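Trainee: no letters, just coordinates:
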C-alpha cells in the first residue's frame, strides 16, 4: 500500500520545514482583498516559482532524503502541481525523478514538468490505477515514493505556509480557507496554526476530505463522480495520515461548483491581477459565494496558477 | 501652464514618501524570474490595491495637501491608472476628486475609477487637449491639480518603489528597467537609487522621454504617431521636472513593439501567474527581446495589471 508512512507529521516538523523553505524561497505575498465589505487576505501561492504551493512539500521531503535514498531517485503521482514541486526540488538537489501523470492533465503542466528535466509516465484517468503504475516503477528501480498528500514531510512542508501567513498577519488567522485535493495542505495548516479554524474547499462531487471528516473514515470517489474544471482537486480518496491529522481540527468541508470557481477566477483576474487555475480559486470561490464567513483575520489560500491559456481566455471573456 | 511646479523632487522626499506608503501598504513582491539563463527580478506593482504603482504618487501628494487645499478638492488627468491612484487616495482622505480621462480609456479603468467614488470627465483622444479640460475645471472650482508625472510629490511617491526594492534585494539594483509614460516613475527611481542604472522603456513612436533625453529638450509626440496597445504609455510629451531629474542619470531609452509587449504578457501569464496590462509589460518585453542586458541584480518593473478581459483573452490565446 503506497500510503503507509513511518511517522506522523507534527508542529515541530512544520516549523523545521518553514525554516528550510525560508532559506531558499521568499514568502509569497499576503494581499488584502475586499469581500462583501470586509477586507480579508489572500495568500498568493500561485506566485511560487512552479506556480503552486506544492514546491513546499516537495522541497521538505526531498531535502530530507538520505544519500542512499537520493541515489535511488524518487517517484511521484500527480495531475501536475505536485509533479512540478517534486521536479523542481529534484533538479535543485540533483536527484532523478519519475512522475506519473494522467493523460488528461493540462498540457501546460505536462510541458512544465518535462521542462524541469524529469521523466513523465502517463496513465489513463479514469481507468488505470495511478498508484499501481507508481508501484510498478518502484518495484523496478527502487525509487522512493513522494506521495502527494499522505506523507508526513509533504504535510509539514505545505504547513509551512501557515507559519508564513502568521508572521505576515502578526497573529494566527481566525480562519484559513483552502482549496483541498487529497488534503495535504489543510492537514499541514491545522498543525501550523493550532488556533485557526481550518476550512477545506473541494469541487462538488469530489469532496473526499469533507466526506471522510463526516464519515470518520476514508471515502472513495464515486465511479460516476461529476466532471469538474478543478483538475488539481480530483483525488480518488484522502489518506489515513490526512484524516488522523484533521479529525477534530477541521471545520466541515465546503463544496463549490464550476460556475463559482469561474467567477472567482474572473474576480482574481480583474481585482487582484492574479492568474489562478480553477482548483486554485476554490477557497476564493467559497468566500465570494458566501459559503464561508470572512472577517479581517481570515486568510483565503490561492493555491495555484498553472492555468490552460485557452480555457482561461474563455473564462475571463465570460463564455 | 499645468506643469509648473514650486519645488524639485529629491532623495529625502523619496525617503519620506516611502515611509508614508509603508505605513498603509505592504511592499509589493520582488519575484525571481529566469530570462536567458539569468535569474533577475520583477517588481510586481500590478499587485497594488488599484492594480498599478500610481497609488504611490497619489497617496504622497494628497496626504501632503493642506486642509485648505483638501477642501478645494483635486483634479487629475489620466488614461486610467493615475486616475485610480488619485481616486483611491482621495476616498481614503475624504477629498473630492475629479478625473479627466480619454473616451478611449479601457472600460475596466473607467469603471474602476468611478467605483472609487470620483467624478469622471471624458475627453476625445486625439483632438481635445486634456490639459485644457483640466484647466477649465480648476478655473471653475479651484481644485488642486495632481499631475500624472510632472509633480515633485508624484515623482517622489513613485520613487518609493526604489526604496522598497533596495530593501528586498539587500542592495541597490544594478539596473532598473521600467515602463515609461510621462516619466514620473523613472524620475523617482533615479532619485531613490542613485547608484542604479535607469532604463525607461516606451512604445515605439511614443518614446517621448527617450527622445527628450537625446534632444536635451521636451519633444512632443507626432500627430501621426503609430497606434500602440500600451494605453497607459501615450503621453503627448514629458515634463520639465522629469527631464531635469533624469538628464545625466538615465540610460538611453528603449522602445518596444506591440508584438514584443504581447509576448511579455503571455510570459507573465504562464511563467509568473501575473495579469499584466500592455503598458505594464513594457520593461519585461524589452528584457525578453534582448533589448536590455540583465544580470542577477537587475529589476524589471511590472507597473500595472488593469487589463481589458477581452483583449487579454485574445493575447493569451495567441490571436
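Mentor: Structure received. Please read all numbers here as calculations on a predicted model, not as lab measurements.
Trainee: for chain A, list the residues in contact with chain B, please.
Mentor: With the criterion set to Cβ under 8 Å from any Cβ of the partner chain, chain A comes near chain B through A:26, A:28-32, A:44, A:46-47, A:49, A:51, A:108, A:266, A:269-276, A:305-307, A:309-310, A:312-314, A:316-318. Using the backbone N, CA and C atoms, a C-beta is placed for each residue, glycine as well.
Trainee: what is the burial count for whichever residue of the stretch 101-250 of chain A sits closest to chain B?
Mentor: Going by Cβ to the nearest Cβ, chain B is nearest to residue A:108 of the stretch 101-250 of chain A, at 6.6 Å. By the criterion of other Cβ atoms under 10 Å in any protein chain shown, residue A:108 has 19 neighbours.
Trainee: need the three-state assignment for it.
Mentor: Here residue A:108 is recorded as helix under DSSP: H, G, I helix; E, B strand; the rest coil.
Trainee: repeat for the one 4 residues further on
Mentor: The local conformation at residue A:112, judged by three-state DSSP, is helix.
Trainee: show me the residues around it that make contact.
Mentor: Shown in contact with residue A:112 (Cβ atoms under 8 Å, 6 or more residues apart in numbering or on different chains): A:50-51, A:80, A:84, A:306.
Trainee: and the pLDDT for it?
Mentor: Per-residue pLDDT puts residue A:112 at 90.
Trainee: what do you get for residue A:107?
Mentor: 89.
Trainee: so it is in contact with residue A:309, correct?
Mentor: No - Residue A:107 is beyond contact range of residue A:309, at 9.4 Å (criterion: Cβ atoms under 8 Å).
Trainee: give me phi/psi at residue A:301?
Mentor: Phi and psi for residue A:301, reported as degrees, to the nearest 10, are phi -80, psi 130.
Trainee: list the beta-bridge partners for the nearest residue in space to it that is not next to it in sequence.
Mentor: Distances taken as Cβ to Cβ, 6 or more residues apart in numbering or on different chains put residue A:178 closest to residue A:301, at 4.1 Å, once the chain neighbours are dropped. Residue A:178 has these beta-bridge partners by DSSP bridges: residue A:200.
Trainee: residues near residue A:178, how many?
Mentor: With other Cβ under 10 Å as criterion, residue A:178 counts 28.
Trainee: need the contact list for it.
Mentor: Contact partners of residue A:178, counting by Cβ under 8 Å, 6+ apart, are A:185-186, A:189, A:198-201, A:283, A:300-301, A:303.
Trainee: same check, this time on residue A:159
Mentor: A:9, A:13-14, A:17-18, A:185, A:187-192.
Trainee: cutoff 6 Å now
Mentor: A:14, A:188-189, A:191-192 (Cβ atoms under 6 Å, 6 or more residues apart in numbering or on different chains).
Trainee: likewise residue A:28?
Mentor: Residue A:28 sits next to A:44-45, A:47 when contact means Cβ under 6 Å, 6+ apart.
Trainee: with residue A:250 instead?
Mentor: Residue A:250 is in contact with A:198, A:213, counting by Cβ under 6 Å, 6+ apart.
Trainee: how much space between it and residue A:212?
Mentor: Separation of residue A:250 from residue A:212 (Cβ to Cβ, to the nearest Å): 10 Å.
Trainee: show me where pLDDT drops low in chain A?
Mentor: Along chain A, segments meeting pLDDT under 70 span A:1-5, A:319.
Trainee: tell me the buried residues in the longest helix seen in it?
Mentor: If you go by DSSP state H, chain A has its longest helix at helix A:152-169. By 16 or more other Cβ atoms under 10 Å in any protein chain shown, the buried positions in helix A:152-169 come out as A:152-166, A:168-169.
Trainee: same question for stretch A:213-232.
Mentor: Residues of stretch A:213-232 classed as buried by neighbour count (16+ other Cβ under 10 Å): A:213, A:218-219, A:221, A:225, A:228-232.
Trainee: any chance of those in TSV, with secondary structure too?
Mentor: Compiled in TSV, the buried residues of stretch A:213-232 are given as follows (three-state DSSP):
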residue	secondary structure
A:213	helix
A:218	coil
A:219	coil
A:221	coil
A:225	coil
A:228	coil
A:229	coil
A:230	coil
A:231	coil
A:232	coil
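Trainee: farthest-apart pair in those, please.
Mentor: A:218 and A:229 (24.9 Å; Cβ to Cβ).
Trainee: residues near residue A:37, how many?
Mentor: Here the number of neighbours of residue A:37 (other Cβ under 10 Å) works out to 6.
Trainee: could you do residue A:294 as well?
Mentor: Residue A:294 has 24 neighbouring residues, counting by other Cβ under 10 Å.
Trainee: helix, strand or coil for it?
Mentor: Three-state call for residue A:294 (three-state DSSP): coil.
Trainee: distance from the chain centre to stretch A:143-157, please.
Mentor: Centroid separation for stretch A:143-157 versus its chain: 12 Å, with Cα atoms, centre = their mean, to the nearest Å.
Trainee: end to end on that stretch, go ahead and measure it.
Mentor: The straight-line separation of the ends of stretch A:143-157 (Cα to Cα, to the nearest Å) is 21 Å.
Trainee: hmm, who's touching it?
Mentor: For stretch A:143-157, the external contacting residues (Cβ under 6 Å, 6+ apart) are A:2-3, A:5, A:7, A:9, A:13-14, A:17, A:56-57, A:60-61, A:64, A:69, A:72-76, A:78, A:82, A:86, A:182-184, A:187-188, A:239, A:241-242.
Trainee: so which of these are in helices?
Mentor: Short answer: the contacts of stretch A:143-157 in helices (DSSP H) are A:13-14, A:17, A:56-57, A:60-61, A:69, A:72, A:82, A:86, A:184, A:187-188, A:241-242.
Trainee: now the closest residue to residue A:293 other than its chain neighbours. Its backbone dihedrals?
Mentor: If the residues on either side of it in the chain are set aside, residue A:293 comes closest to residue A:175, at 7.6 Å by Cβ to Cβ, 6+ apart. Main-chain dihedrals, residue A:175, degrees, to the nearest 10: phi -150, psi 140.
Trainee: does residue A:175 touch residue A:298 like I think?
Mentor: Yes - taking Cβ atoms under 6 Å as the definition, residue A:175 is a contact partner of residue A:298 at 4.7 Å.
Trainee: these two: which is more packed in?
Mentor: Neighbour count, other Cβ under 10 Å: between residue A:175 and residue A:298, residue A:298 has more, with 26 against 21.
Trainee: distance of residue A:61 from chain B?
Mentor: From residue A:61 across to chain B, the span is 22 Å (Cβ to the nearest Cβ, to the nearest Å).
Trainee: what sits against that residue?
Mentor: Counting by Cβ under 6 Å, 6+ apart, residue A:61 touches A:146, A:153-154.
Trainee: apply 7 Å and report the result again.
Mentor: With contact set as Cβ atoms under 7 Å, 6 or more residues apart in numbering or on different chains, residue A:61 has these partners: A:146, A:151, A:153-154, A:157.
Trainee: in stretch A:38-51, what's buried?
Mentor: A:40-51.
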